[in-house]
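Asks: Quick one, fold the following:
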Amino acid sequence: MLYAWACITSGVAFANGAPNLTVDIPRFRNWQWITTSRSAGRISRPANPDEDGFSAGIQSAHAGLDGWYSTNILGNRDGEVLDDPGSFKTKEESKLGALEYILQPQLYPELYSKMYHKVRINYYPPRGDNKEGWDNIDIFGWLRYPMQIKVDFLCRDSILAAPIVLDLVMFMDLAQRAGFRGIQEWLSFYFKSPMTGAGLYPEHDLFIQSMKLKNTLRWMMARN
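Replies: Below is the predicted model:
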């Protein structure tokens, strides 16, 4: 929080890539609008299949969802931190919230209003920076015929995260040179929990996020 406060009060761009609520408090949000600081969201999105990507595909196909069980096994510092119940709570809420935002059960109650979502993160030191993500997704189609999607993804956290961090550094620098200020909603594509200005709806749909990112870049190119 001290790093965030120093950046925001000094007009330096700040992107929160950790599962915490560092900048998600009214005081920081107010500062972001009256200074030249730029922030984008919290919890950067690695390029791996997770709730965001698969749920967007399920929603676009209008398939129903009964349940989703997701677990990660990892042994690095991230896993050690998330082994703490308090730290895991924020991560769990972000994953649960992403599904609701994307699937919009209030609009499609017959498809998503009764879905059950369980998230588990297991710290296993011998795994190191190698991570295994396992998902079991219970969906249904026409006439409520049950089907399943199973994903076992083996990856290395740092390799997935590095390109995302580099993109964010370049885009935040671009935002600063373009004179942007406040929360950079056009960068929501890079975050599992994108931030928005007061009264605005945080967009979680990957396709819409990608469109907003590209449209903003096109607008900047046309302006110059």
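
Asks: Give me the buried positions along the helix or strand encompassing residue 70.
Replies: For residue 70, the host element (DSSP states H and E) is strand 64-74. By 16 or more other C-beta atoms under 10 Å, the buried positions in strand 64-74 come out as 64-66, 68, 70, 72-74. The way it works is simple: take the backbone N, C-alpha and C, and place the C-beta from them, glycine included.

Asks: want to throw those into a markdown table with distance to residue 154 and pLDDT?
Replies: As requested, the buried residues of strand 64-74 are exported to a markdown table (distance: C-beta to C-beta, whole Å; pLDDT from 0 to 100):
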| residue | distance to residue 154 | pLDDT |
| --- | --- | --- |
| 64 | 29 | 97 |
| 65 | 25 | 96 |
| 66 | 26 | 97 |
| 68 | 20 | 95 |
| 70 | 15 | 91 |
| 72 | 11 | 90 |
| 73 | 10 | 93 |
| 74 | 11 | 90 |
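
Asks: can you redo the residues you listed as a markdown table with distance to residue 124?
Replies: Formatted as a markdown table, the buried residues of strand 64-74 follow (distance: C-beta to C-beta, whole Å):
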| residue | distance to residue 124 |
| --- | --- |
| 64 | 34 |
| 65 | 29 |
| 66 | 29 |
| 68 | 22 |
| 70 | 16 |
| 72 | 10 |
| 73 | 5 |
| 74 | 7 |
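
Asks: re the thing from before, give me the sheet partners of the strand holding residue 70 and which way each runs.
Replies: Strand 64-74 has the following strand partners under DSSP bridges: strand 116-123 (parallel), strand 130-140 (antiparallel).

Asks: Tell me which of the ones you listed sits most buried.
Replies: strand 130-140 (a mean of 18; mean count of other C-beta atoms under 10 Å).

Asks: Need the contact partners of it.
Replies: Identification of contacts with strand 130-140 by C-beta atoms under 8 Å, 6 or more residues apart in numbering yields 48-50, 54, 58, 63-76, 79, 146-157.

Asks: If you count contacts, what does the following helix or strand past the strand holding residue 70 end up packed against?
Replies: Next helix or strand after strand 64-74 toward the C-terminus (DSSP H and E): helix 77-82. Where contact means 3 or more C-beta pairs under 8 Å, 6 or more residues apart in numbering; DSSP states H and E, helix 77-82 is packed against helix 85-103, strand 116-123.
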